[in-house]
Every structure is written in structure tokens, then in C-alpha cells.
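A.B. asks: Requesting a structural model of the entry that follows:
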Amino acid sequence: MKVVLAVGGNALLRPGDRGTAEEQMLRARQTAENIYPLFQKFKVVVTHGNGPQVGAILLQNETAKNVVPPMPLDICGAMSQGEIGYMLEQSFQNVLEEKGVNKDIATVLTRVIVDENDPAFENPTKPIGPFYTEEEAKRLAKEKGWHVIEDSGRGWRRVVPSPMPLEIVEKDVIAELLEKGFGVIAVGGGGIPVIRKGRKLFGVEGVIDKDLASAVLARDIGADRLIILTSVEKVYLNFGKPEQRGIDEMSVQEAKKYMEEGHFKKGSMYPKILASVLYLDNGGKEVLITSPEKVQDALDGKTGTWIYP
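C.D. replies: Below you'll find the predicted structure:
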């Protein structure tokens, strides 16, 4: 069975962490210990987010801009893929070795094709990088042509487009590695957005949602299952309210209905449900949403939320 396993931001950072290398390696190790049995049972591609890491790279860019030329966002995304890929690869390999599992891990630097006419490019919405004062933000917007917004009372930030992913450039490489028995890490941070002009590809500044890109990867390689790991063990209706109710399983039609009814927050569960719908509407077989700590129990039918066509 081929499985795409999308791990959330808490795979490398938890609330209160400073983001040191030691902390991130510890979190990567904890993630590996939770999910290593999947490498024994399935052909697994692990995908991951990169928000805090690419944010730190952008802050380093800004801080050192008078010493070292800053890099554009697509290159910063590539840098974060290498950084996180190394930490996960190292952790998975070490845990698998300790558990007696003979499997090599490979990280694939991944590009994702988007449409240059995607409306997202006209309406940037994804906050990235450091916080600024209003004066600093507006000065940078004028100097660099950035879009900036006030972000939830915490300060001003740059916002970039978040286009829909269309196709994974390295899908055939990833599929071949799986067939040869490798565990694969790919589509880091949603992948590097690129546009196609004729036969050539060009990087663009933007951030692709990691869960949506994972769904496209699952479709492109014919994965049998999409597993999305997050901070809760199952999907809830009326989350955080007295009438909160966990969902054990639902159809894709029910998922669409709950989305329309506004049960899922845009920056939280909504993209995960949207990714599930995207995968299942394109021939996918089943989706599991749960937490890293509960993934084994969920696979045994004890918890988690399963979504079916």
C-alpha cells in the first residue's frame, strides 16, 4: 500500500519552543518514534510544513541584508526543504536502525506547478516572515513592492500569494523511489511554487498549502491512502464549543456539507478537509486525520477520523 503521510508543524516545533537545532532534532525524533511502524507496513512518503523555519530564514535575510544579499522566497523555501528534510531523514533513519527496520530514507527537493493566472497572485493572503511596525512595513512595501497587512494585533507582516497546487514536478522520481523500497520525504512546506512557460519552469514567490500539495501528490502517484497528522486526534464539529462532537468517519459528501456549514476554521482544520475532498474526488480511496501520538490507535480503528469517497 502506498501512503502519503502529511505531518503538521508540531513535528519539529511545539508551543514554547525557541526553535534551536537541538529542540527541532528532539521533536523530529519524537515524530519518528510515533510513525516508524508505518515504514514497516507501507510504502510511505512523508510531507511536512515549513512555516517557522522559512520565517526564520526570512528574518535572517532581513537582519543580514547589508552583509549578505537576501534570497527570494522560492529559494528560501528550497533552503527550508533541505533543512527540515535533513532533520527528519536523520531522525527516521536512526529510529528505524534502532528498531531493526532495514529501510533507507531519501529527501526529494520538490517543485509544484501552479497557474500563473491563479487569482491568488492578485490577492496575497498568506502572512510570512517577521513582524514589523506599521511604519517599517509600509516603507518596505514601497521599497520592495510587498503587500503588507496588520496581523491579528501582533504587528505588521508581509503577505504573499497562496496559489492552488496543480501538479508535482518530481512525482515520477518519488514514485520510483517508493517502488525501489525507499522511504521518501517530499513536498516540504507545500513545495516550491513554479509556473510553466512553454517547456521551461520558473520559480515564483508564494506559499502553497502543505495539505493541498500532499493531496495532489497522493493523486499523482496513485496513493492508496492519505494520512494527515495534526494536533488533535480526530475532526470535531462545533470545535471548542459545549456541543463539540468528534467524527469517527464521514463521506466526502458529508465533509463538503460540514465545510459549507462553517464547522472548520480557515487556518486550522479547513485546509485539511479541503485536501481530503480534493484527493477523494480525484480517485483517492481513504483519508485518515489524527495526531502523531494516536496514529497507531487510529489505524487499529480506536480513534481518528476516516473520510471515504
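A.B. asks: For the rest of this, base every contact and every neighbour count on C-alpha atoms.
C.D. replies: Noted.
A.B. asks: What helix or strand is the nearest residue to residue 196 once chain neighbours are set aside located in?
C.D. replies: Here the nearest residue to residue 196 in space, its sequence neighbours aside, is residue 202; by CA to CA, 6 or more residues apart in numbering that works out to 6.5 Å. Using DSSP states H and E, the element containing residue 202 is strand 200-203.
A.B. asks: For this structure, which segments count as helices?
C.D. replies: If you assign secondary structure with DSSP state H, the helices in the chain sit at 21-41, 51-63, 73-98, 134-144, 171-179, 210-220, 252-260, 270-281, 295-299.
A.B. asks: what's the most buried one of the ones you listed?
C.D. replies: With neighbours taken as mean count of other CA atoms under 10 Å, the helices of the chain reach their highest mean count in helix 210-220, at a mean of 27.
A.B. asks: and residue 63, how far is that from residue 70?
C.D. replies: Residue 63 is 9 Å from residue 70, where distance means CA to CA, to the nearest Å.
A.B. asks: Going by neighbour count, which residues in the strand holding residue 202 are buried?
C.D. replies: residue 203 (16 or more other CA atoms under 10 Å).
A.B. asks: Any chance of JSON lines for the helices of the chain, columns mean pLDDT and distance to residue 157?
C.D. replies: JSON lines is the format used below for these (pLDDT from 0 to 100; distance: least, CA to CA, whole Å):
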{"stretch": "helix 21-41", "mean pLDDT": "94", "distance to residue 157": "25"}
{"stretch": "helix 51-63", "mean pLDDT": "89", "distance to residue 157": "11"}
{"stretch": "helix 73-98", "mean pLDDT": "96", "distance to residue 157": "14"}
{"stretch": "helix 134-144", "mean pLDDT": "90", "distance to residue 157": "7"}
{"stretch": "helix 171-179", "mean pLDDT": "98", "distance to residue 157": "33"}
{"stretch": "helix 210-220", "mean pLDDT": "97", "distance to residue 157": "21"}
{"stretch": "helix 252-260", "mean pLDDT": "96", "distance to residue 157": "28"}
{"stretch": "helix 270-281", "mean pLDDT": "97", "distance to residue 157": "22"}
{"stretch": "helix 295-299", "mean pLDDT": "95", "distance to residue 157": "35"}
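A.B. asks: Can you tell me which of these is nearest to residue 236?
C.D. replies: Across the helices of the chain, residue 236 has its closest neighbour in helix 252-260 (10.3 Å, CA to CA).
A.B. asks: Quick one: list the elements packing against the closest one.
C.D. replies: The contact analysis (3 or more CA pairs under 8 Å, 6 or more residues apart in numbering; DSSP states H and E) places helix 252-260 against helix 270-281, strand 305-308.
A.B. asks: Quick one: list the elements packing against the strand holding residue 202.
C.D. replies: Packed on strand 200-203, when contacts are counted by 3+ CA pairs under 8 Å, 6+ apart, are strand 192-197.
A.B. asks: thinking again about what came up before, among the helices of the chain, which is nearest residue 108?
C.D. replies: It is, among those and with distance given as CA to CA, helix 171-179, at 7.3 Å.
A.B. asks: between that closest one and helix 210-220, how big is the angle?
C.D. replies: In this structure, helix 171-179 runs at an angle of 80 degrees to helix 210-220, with axes from the mean of the first three to the mean of the last three CA atoms, to 10 degrees as the basis.
A.B. asks: Need the helices and strands packed on helix 252-260 in JSON lines (columns: distance to residue 97).
C.D. replies: Below are the helices and strands packed on helix 252-260 laid out as JSON lines (distance: least, CA to CA, whole Å):
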{"stretch": "helix 270-281", "distance to residue 97": "32"}
{"stretch": "strand 305-308", "distance to residue 97": "31"}
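A.B. asks: between those, which one is nearest to residue 298?
C.D. replies: Of all these, it is strand 305-308 that lies closest to residue 298, at 7.9 Å by CA to CA.
A.B. asks: Give the pairing partners of the closest one; include direction for each.
C.D. replies: Each strand that pairs with strand 305-308, with its direction, by DSSP bridges: strand 249-251 (parallel), strand 287-290 (antiparallel).
A.B. asks: quick one: the longest one to chain centroid distance?
C.D. replies: I take that to be strand 287-290. In terms of CA atoms, centre = their mean, to the nearest Å, the gap separating the centre of strand 287-290 from the centre of its chain is 14 Å.
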